[in-house]
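> Quick one, structure for this:
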Amino acid sequence: MPADEAAPPSGGDLSRAARRLYAYAVERHSFAEAEATGALGARAAAAITELAAAHLLQRAPGGGPDRWSAVAPRAAAARALAPLALLVRETHDEMDRLRGRLETLVPAYEAGAAHLERNGSGRAELELVTDLGAVRALIAELVAACGKELLTSQPGGGRPLESLEEAIGRDESLLARGVRMRTIYQHTARYSRPTAAYVERVTALGAQVRTLGDGLMRMLVFDAHTGLMSVPDRSGAALVVREPAVVHFMTSAFERSWVEAEPFPTTVGPDAARSLSDELRQTIVRLLSEGLEDKVIARRLGMSERTCQRHIAEIMRAAGAKSRFQAGYLLSPAAPPRASAVPRDAAGAGGGAS
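Here you go, the predicted structure:
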């Protein structure tokens, strides 16, 4: 018998020798190992062991310990899968028991929630949540309970594709319930294709999206009742705000930004890009005059530090400035008329974050 016929099975497949032996077995009521060896060669013994392990051979009833008979493949599958089927049933049973135990607590939870609603929240007015998974779960819970309006302020330019994919289904469900949704991004988000595609989908369902150059704080406000805001230097953390006065402040800050913001177009034409570039340039000039570092300016404008440095270099060259601070001074509104000599496209007509 060729060597490859006796090769051990790979990935659960039978070896060629086992397949030949099984074909031999199904043509007989029973056979002895010696008979199989005489017909198929010395590897028949190993093939018998392999088929028996796969439940495709069994001891022939009444034929003695040395005689074998074939087992139908479906019957063999039933025998092989029986332990797994039992494990699946036991797992489902355990899941049902666990679900039942937790369901018994629902009345107590709902009664407690109703009591807190009648007598004040009783929950911490300010709560720091540091685990990103817990923050996401909390947002999902608050979105599901939101009944009137969700306000979202998202600085940082275009949003990551992963975040958009996570949000789109949740936001579409929110809008389908008739909940009003308003979102503010930074101008640089307009040049992010995934963000623009997301905006196009949610605005088609009634959401309103605008952009602003600077001054955004990352936050969400649900029904003017509960707010979430980012925590400086704590990536993935959120501060949950239930204190009415603080939530009112967050809402007011959003409304002030909303009035100053501009509608988010899903396509940006040359005129709009030039206008945004002018505003972006003036914002960079203002931040330069405040003495801020490149990375701070980049973060506040929602662009990469490299893109920010390119804009700053173009502004300095156009102004004839020898330092960043000097450029900010020369181009500030209170500076001499030399600022007007700066070309309109000094910040780059594209203005997008890289």
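
> M229 is in contact with T251, isn't it?
No: assessed by C-beta atoms under 8 Å, M229 is found out of contact with T251, at 11.9 Å. C-betas here are computed from N, CA, C, even on glycine.

> Helices along the stretch 151-300 of the chain, start to end?
161-176, 193-204, 244-260, 270-289, 294-301 (DSSP state H, counting those that start in this stretch).

> Take the ones you listed and lay them out in TSV including distance to E50, mean neighbour count and mean pLDDT.
Listed next are those as TSV, based on distance: least, C-beta to C-beta, whole Å; neighbours: other C-beta atoms under 10 Å; pLDDT from 0 to 100:
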stretch	distance to E50	mean neighbour count	mean pLDDT
helix 161-176	47	15	87
helix 193-204	52	17	88
helix 244-260	69	14	93
helix 270-289	70	19	67
helix 294-301	64	19	75
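
> Ok, which of these comes nearest D131?
For D131, the closest of the helices of the stretch 151-300 of the chain is helix 161-176, at 16.0 Å, according to C-beta to C-beta.

> How about the contacts made by L205?
By C-beta atoms under 8 Å, 6 or more residues apart in numbering, L205 lies in contact with E172, L175, A176.

> no no, R136
Listed by C-beta under 8 Å, 6+ apart, the contact set of R136 reads E166.

> quick one: it from V143, how far?
From R136 across to V143, the span is 11 Å (C-beta to C-beta, to the nearest Å).

> quick one, strands of the stretch 1-150 of the chain?
Taking DSSP state E, counting those that start in this stretch, the strands of the stretch 1-150 of the chain run over residues 31-32, 57-59, 67-70, 126-129, 149-154.

> Can you lay out these as a markdown table showing mean neighbour count, mean pLDDT and distance to I312?
Listed next are the strands of the stretch 1-150 of the chain as a markdown table, based on neighbours: other C-beta atoms under 10 Å; pLDDT from 0 to 100; distance: least, C-beta to C-beta, whole Å:
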| stretch | mean neighbour count | mean pLDDT | distance to I312 |
| --- | --- | --- | --- |
| strand 31-32 | 18 | 90 | 87 |
| strand 57-59 | 18 | 90 | 79 |
| strand 67-70 | 20 | 91 | 81 |
| strand 126-129 | 13 | 88 | 36 |
| strand 149-154 | 21 | 94 | 24 |
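
> Among these, which comes closest to L81?
L81 lies closest, by C-beta to C-beta, to one member of these: strand 57-59, at 16.5 Å.

> Would you list the strands that that closest one pairs with, along with their directions?
Note on strand 57-59: by DSSP bridges, its sheet partners are strand 67-70 (antiparallel).

> isn't L128 right up against S230?
No: contact between L128 and S230 fails when scored by C-beta under 8 Å: they sit 11.5 Å apart.

> Residues in contact with both of these two, list them for me.
Common neighbours of L128 and S230, counting by C-beta under 8 Å, 6+ apart, are A237, A238, L239.

> Just give the number of residues close to the first one.
In other words, A237. For A237, the neighbour count with other C-beta atoms under 10 Å is 16.

> quick one, phi psi at it?
With angles defined as degrees, to the nearest 10, A237 sits at phi -90, psi 160.

> what's near enough to touch it?
Taking C-beta under 8 Å, 6+ apart, one finds L128, V129, T130, L132, V135, S230, V231 in contact with A237.

> For P244, give its distance to A224.
P244 sits 9 Å away from A224, taking C-beta to C-beta as the criterion.

> ignore the last one, R281
R281 sits 36 Å away from A224, taking C-beta to C-beta as the criterion.

> Equivalent analysis for V179, please.
Per C-beta to C-beta, V179 is found 13 Å from A224.

> More neighbours: those two, which one.
Ranked by neighbour count (other C-beta under 10 Å), V179 and A224 place V179 first, with 19 against 14.

> isn't the more buried one right next to A144, touching?
No: counting by C-beta under 8 Å, V179 sits too far from A144 to count as a contact (10.5 Å).

> since we're on P65, how many residues are nearby?
Residues within reach of P65, counting by other C-beta under 10 Å, total 7.

> In contact with the most centrally placed residue in the chain, which residues?
Central residue of the chain (C-alpha atoms, centre = their mean): E162, 3.8 Å from the mean position. Listed by C-beta under 8 Å, 6+ apart, E162 has no contact partners.

> how close does it get to T195?
Taking C-beta to C-beta, one finds E162 at 12 Å from T195.

> pretty sure W68 is touching V26, no?
No: taking C-beta under 8 Å as the definition, W68 is not a contact partner of V26, at 11.4 Å.

> follow-up on the earlier one: is it possible to get TSV of the strands of the stretch 1-150 of the chain that adds distance to E290?
What follows is those, written out as TSV (distance: least, C-beta to C-beta, whole Å):
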stretch	distance to E290
strand 31-32	92
strand 57-59	84
strand 67-70	86
strand 126-129	30
strand 149-154	22
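
> Out of these, which is closest to E94?
strand 126-129 (30.4 Å).

> Check which helices and strands the closest one is in contact with.
Judged by 3 or more C-beta pairs under 8 Å, 6 or more residues apart in numbering; DSSP states H and E, strand 126-129 is in contact with strand 238-241.

> Put the buried members of the contacts of A237 into a ChimeraX selection.
In ChimeraX, this line selects whichever of the contacts of A237 come out buried by 16 or more other C-beta atoms under 10 Å:
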select :129,135,230
